[in-house]
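K.L.:
here's a sequence, model it:
(chains A, B, C and D)
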There are 2 protein chains.
Amino acid sequence: MPRLVAASIARSLRERIEAGEWADGTRMPPERELATGFGVARNTIRRAIGMLGEAVPLSREVGRGTFFEAGRDPSLGEIARRMEGSSPADMMEIRLLLEPTAAAFAATNASTAELDRVVEAHLRASAATAMAEFERWDAELHHRVFACSRNELLREFHNVLRVLRNQGAWFEMKQRSFSEARRAHYCAEHQALVDALLRRDPEGARTAMLAHLQSVQANLLGR
Amino acid sequence: MPRLVAASIARSLRERIEAGEWADGTRMPPERELATGFGVARNTIRRAIGMLGEAVPLSREVGRGTFFEAGRDPSLGEIARRMEGSSPADMMEIRLLLEPTAAAFAATNASTAELDRVVEAHLRASAATAMAEFERWDAELHHRVFACSRNELLREFHNVLRVLRNQGAWFEMKQRSFSEARRAHYCAEHQALVDALLRRDPEGARTAMLAHLQSVQANLLGR
DNA sequence: GATAATTGGTTCAGTATTGGATCACTTAGG
DNA sequence: CCTAAGTGATCCAATACTGAACCAATTATC
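P.N.:
A predicted model of the protein is given here:
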């Protein structure tokens, strides 16, 4: 009898796993079945799986089976939950990354009706007196720019930012940094953005949005 | 053989709900009816619906029925669900937007240990023979770059992309476009990226990542 | 308004499967 | 002879599913 049966079975199983035979969260055959399949005692299979356990992520659950977990993807829900803890600084970095490009896309792809809606949000934000109202139309303006970008995933990414923007720490920070002068400043920057969009000028829209976000960042984070 | 039938029923129900079979406030079939429909005990149906409860907004009312409610404020979970329908083209646009910058951040911010992990993923992807194994380490490499970026929100955004990458349409597309020559080409591009990271060269990393993604885009979408 | 039917909530006993653990025994190899 | 690996077997504990009963709230029906 060869003295390394368990080891060779372990190697065989590992190869089959890495070849993708049992994808992500699938259940492997039960030990008793593998035992008869390999023509070997269950004890030996158990030892083989034991050796495997170091190199390959397996979870063995009594009554259910042995599962192979290939760096198992977290669900989108879990990811969403983790995002809720993000810092405003990280978020501003992302906004600086996404929004200028979204504005450039919008200048290229928006329909005139969509641009009208951007303009409408801009006008309402400009006319707003209370901070809450301004905030609402400000957010709406940015969102409508994303809606023009013709990239649904990009729009949803912005929806994430929008939800995060309305959460505790972020909200207080906005309140502290708000002033009438800054509101007017933001409106002027919005105006530049809207002008570029109406000119259908992608690079103009990109730089206008970038400038706006940089001043938002400076005001919020004091940089 | 526990057939794990509750889990598969949960999956089936979730698909039917997301396909729009039961609109906003509709009542789902009573448990006893679903039970006979699926040819299964009511207990099992109840467990399946229980599993569902985390991912889908349901309200179960004694004497009335189980209702599916979609109309609430858009939560992060719902946004995540909408993202699942994104097109590969939209997604590549986002990757082109996020990943070069993430690479630049990584070149600046990564610890040497983190860079080692990037290198490890690169080596394993290079050594991989099977497509599944290459894909796994390729994804891991990109993810580890994001992990170095020191922006948690950015990392989570990439997690979203990663989950989407493993879904149906996208997966088939990868399979169709995969070839040994392309794998080798990708590895060379990864090498350039890794070199720039090790040189701590943000702009080099940015352009290497950009070039890589452009060739991925060309291969996947034929542009 | 009272009654019956419907529906989700709960519990229980019973069957089957599965991984976990331990035993006595055999076989190969030094 | 002794040790390590493998066999075959038994028992345990956890889990999945079934089938059934009963409760409580709601709704339809008389």
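
K.L.:
tell me which element the residue lying closest to A:A192 once chain neighbours are set aside is part of?
P.N.:
Among residues not flanking A:A192 along the chain, A:A208 sits closest, at 4.3 Å (CB to CB, 6 or more residues apart in numbering or on different chains). (Each C-beta comes from the backbone N, C-alpha and C, glycine too.) Using DSSP states H and E, A:A208 sits within helix A:202-221.

K.L.:
for DNA strand C, see how far away A:L154 is.
P.N.:
As judged by CB to the nearest atom of the strand, to the nearest Å, A:L154 and DNA strand C stand 39 Å apart.

K.L.:
what angle separates the strand or helix carrying that residue from helix B:152-165?
P.N.:
A:L154 belongs to helix A:152-165 when elements are defined using DSSP H and E. Using axes from the mean of the first three to the mean of the last three CA atoms, to 10 degrees, the inter-axis angle of helix A:152-165 relative to helix B:152-165 is 140 degrees.

K.L.:
any idea how far B:A169 is from A:V56?
P.N.:
29 Å (CB to CB, to the nearest Å).

K.L.:
so which residue of chain A comes closest to DNA strand D?
P.N.:
Relative to DNA strand D, the nearest point of chain A is A:G63 (2.4 Å; CB to the nearest atom of the strand).

K.L.:
now do that residue: how many residues are near it, please.
P.N.:
For A:G63, the count of nearby residues is 5 (other CB atoms under 10 Å in any protein chain shown).

K.L.:
what about it, is that helix, strand or coil?
P.N.:
What DSSP: H, G, I helix; E, B strand; the rest coil gives for A:G63 is coil.

K.L.:
try the one 3 residues further on
P.N.:
Secondary structure of A:T66, reduced to three states by three-state DSSP: strand.

K.L.:
and it, how close does it get to B:A132?
P.N.:
Distance, A:T66 to B:A132, by CB to CB: 20 Å.

K.L.:
cool, A:L97 as well?
P.N.:
Taking CB to CB as the measure, A:L97 falls 31 Å from B:A132.

K.L.:
the spatially most central residue of chain A: what's it in contact with?
P.N.:
The centroid of chain A falls nearest to A:F157 when counting by CA atoms, centre = their mean (6.3 Å). Counting by CB atoms under 8 Å, 6 or more residues apart in numbering or on different chains, A:F157 makes contact with A:98, B:94, B:157, B:160.

K.L.:
follow-up on the earlier one: higher neighbour count, A:T66 and B:A132?
P.N.:
A:T66 (18 against 15).

K.L.:
partners of that one in the sheet?
P.N.:
For A:T66, the beta-bridge partners under DSSP bridges are A:R60.

K.L.:
low-scoring stretches of chain A, by residue?
P.N.:
Scanning chain A for pLDDT under 70 picks out A:1-3, A:70-78, A:167-169, A:223.

K.L.:
where is the longest helix in it?
P.N.:
Secondary structure of chain A per DSSP state H: the longest helix is helix A:88-109.

K.L.:
would you mind writing the CA trace of the helix holding A:A208 as PDB?
P.N.:
The C-alpha trace of helix A:202-221 is given here as PDB (Å, rounded to 0.1, in the frame of the first residue of the first chain):
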ATOM      1  CA  PRO A 202     -17.100  69.000 -22.400                       C
ATOM      2  CA  GLU A 203     -13.700  70.300 -21.300                       C
ATOM      3  CA  GLY A 204     -15.300  73.500 -20.100                       C
ATOM      4  CA  ALA A 205     -17.800  71.600 -18.100                       C
ATOM      5  CA  ARG A 206     -15.100  69.400 -16.700                       C
ATOM      6  CA  THR A 207     -13.000  72.300 -15.500                       C
ATOM      7  CA  ALA A 208     -16.000  74.200 -14.100                       C
ATOM      8  CA  MET A 209     -17.100  71.200 -12.100                       C
ATOM      9  CA  LEU A 210     -13.500  70.600 -10.900                       C
ATOM     10  CA  ALA A 211     -13.200  74.200  -9.800                       C
ATOM     11  CA  HIS A 212     -16.500  74.000  -8.000                       C
ATOM     12  CA  LEU A 213     -15.700  70.800  -6.200                       C
ATOM     13  CA  GLN A 214     -12.300  72.100  -5.200                       C
ATOM     14  CA  SER A 215     -13.900  75.100  -3.500                       C
ATOM     15  CA  VAL A 216     -16.400  72.800  -1.800                       C
ATOM     16  CA  GLN A 217     -13.600  70.700  -0.600                       C
ATOM     17  CA  ALA A 218     -11.700  73.700   0.700                       C
ATOM     18  CA  ASN A 219     -14.800  74.900   2.600                       C
ATOM     19  CA  LEU A 220     -15.700  71.600   4.100                       C
ATOM     20  CA  LEU A 221     -12.400  70.300   5.000                       C
END
